[in-house]
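**Student:** Compute the structure for the input listed below.
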Amino acid sequence: MDLEAVAAISRLKYAYLRALDTKCWDEFADTLLPDATANYGEHLAFESRDALVDFMKSNLGPQTITEHHCGHPEIDVDGDTATGRWYLSDTVLIPEHGMVLRGAAFYSDRYVRGPDGRWRIAHTGYERTYEAVMSLSDIPSFRLTSNRWAADTEPGKGDS
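**Tutor:** Residues are numbered from 1 along each chain as shown. Sure, this is the predicted structure:
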């Protein structure tokens, strides 16, 4: 087993998730090949890095807080290509719509090591094991006490 490649691919997946959650779109794009594809269930499929990044920028702006955790990697390396399976647990919080989504899924990825020696995602996607949506009004004690992007969306709100 190529443990160095497994470690580099793990780091790549973690960077993908961190960049997504922190809305660092240039870093997010850099985890993907230009012709990368993605499929996040029945209605979300993308045929290029640009299409995926544009969608994420448009739909996961400052009004949406996301938290993605991946673990239990199963990575198989074959020269300069690899596949990976990851367990995902995610939370999406949209205060302006008064909702929270919780879910879990299994990612299936393909990776390619480029001439520069860096691994990038050639394909990513997941199949949900569950997804649940709740209204924040159903959680009477809910109060958002910190939001990294609140200053961008709601003056006077944020860290308390």
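
**Student:** all contacts plus neighbour counts: C-alpha atoms, from now on.
**Tutor:** OK.

**Student:** Could you measure from the most centrally placed residue in the chain over to residue 24?
**Tutor:** The residue lying closest to the centre of the chain (CA atoms, centre = their mean) is residue 17, at 4.3 Å. Note on residue 17: its distance to residue 24, by CA to CA, to the nearest Å, is 10 Å.

**Student:** now swap in residue 46 and tell me
**Tutor:** With CA to CA as the criterion, residue 46 and residue 24 are 19 Å apart.

**Student:** Who has more neighbours out of the two?
**Tutor:** Set residue 46 next to residue 24 and count neighbours by other CA atoms under 10 Å: residue 46 wins out with 20 against 13.

**Student:** Please verify my assumption that that one contacts residue 53.
**Tutor:** No: between residue 46 and residue 53 there is no contact under CA atoms under 8 Å: 9.5 Å.

**Student:** Contacts for the longest helix anywhere in the chain, please.
**Tutor:** Counting residues, the longest helix found in the chain (DSSP state H) is helix 3-22. By CA atoms under 8 Å, 6 or more residues apart in numbering, the surrounding residues in contact with helix 3-22 are 25, 27-28, 31, 56, 65-70, 73, 75-77, 111, 119-120.

**Student:** okay, now residue 33: neighbour count?
**Tutor:** 20.

**Student:** Checking my notes, it in a helix, right?
**Tutor:** No: under DSSP: H, G, I helix; E, B strand; the rest coil, residue 33 sits outside any helix and is assigned strand.

**Student:** what about it, distance to residue 70?
**Tutor:** 20 Å.
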